[in-house]
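> Next one to model:
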Amino acid sequence: MSSGNGLEGLDKLQKNVERLAGEHRVQLANLLDAEFMSECSSFHSFEELITASGFKVESAEDFAAIPDDEWDTFIRKATSYQSWQEMQRAAAVAYTRKQVFKGL
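Take a look at the predicted model:
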C-alpha cells in the first residue's frame, strides 16, 4: 500500500482539472446524460425528452428550428428548469463536476 494515498488523490484531481482547461465542445447527449435527465425530469435521455416534446427532430437543423419560446414552455412543463438556457447551464456544471472528480 502506498503511503502517499492522499497525495495520489490530489494529483488525480489536479490532472482532471488540467484536462478541463481551455474551451471544449461537448455534445448535448453527453451533457444531458441519463443521470442528469433522471434528476430533473421523468425522462432517461435527451432523446426521450425530444420525442415527448412533439417536435419533429431528425437533425441538428430541425432542433435549431424549434421556436425558442415554444421549447422553453416545454422545458418548464417537462423538467425542473424554467428555461432551456437554465437547463443547459445546470447540465454543464454537472458535467464539469463529474469530470473534475472522475476516478476519485
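> ok, the residue nearest to the spatial centre of the chain to Tyr95 distance?
The residue lying closest to the centre of the chain (Cα atoms, centre = their mean) is Leu31, at 2.4 Å. For Leu31, the distance to Tyr95 (Cβ to Cβ, to the nearest Å) stands at 5 Å. In short, each C-beta sits where N, CA and C put it, glycine included.
> same check, this time on Ile75
Remark: distance between Ile75 and Tyr95 (Cβ to Cβ) = 18 Å.
> Same drill for those two, tell me which one is more crowded.
The neighbour count for Ile75 versus Tyr95, taken as other Cβ atoms under 10 Å, is higher for Ile75 (22 against 18).
> so which helix or strand takes in that one?
helix 68-78 (DSSP states H and E).
> which secondary structure elements does the following helix or strand past that helix contact?
Following helix 68-78 in sequence order, the next helix or strand is helix 84-100 (DSSP H and E). The helices and strands touching helix 84-100, judged by 3 or more Cβ pairs under 8 Å, 6 or more residues apart in numbering; DSSP states H and E, are helix 5-20, helix 28-31, helix 34-40, helix 68-78.
> What is the neighbour count of Thr51?
Thr51: 12 neighbours (other Cβ under 10 Å).
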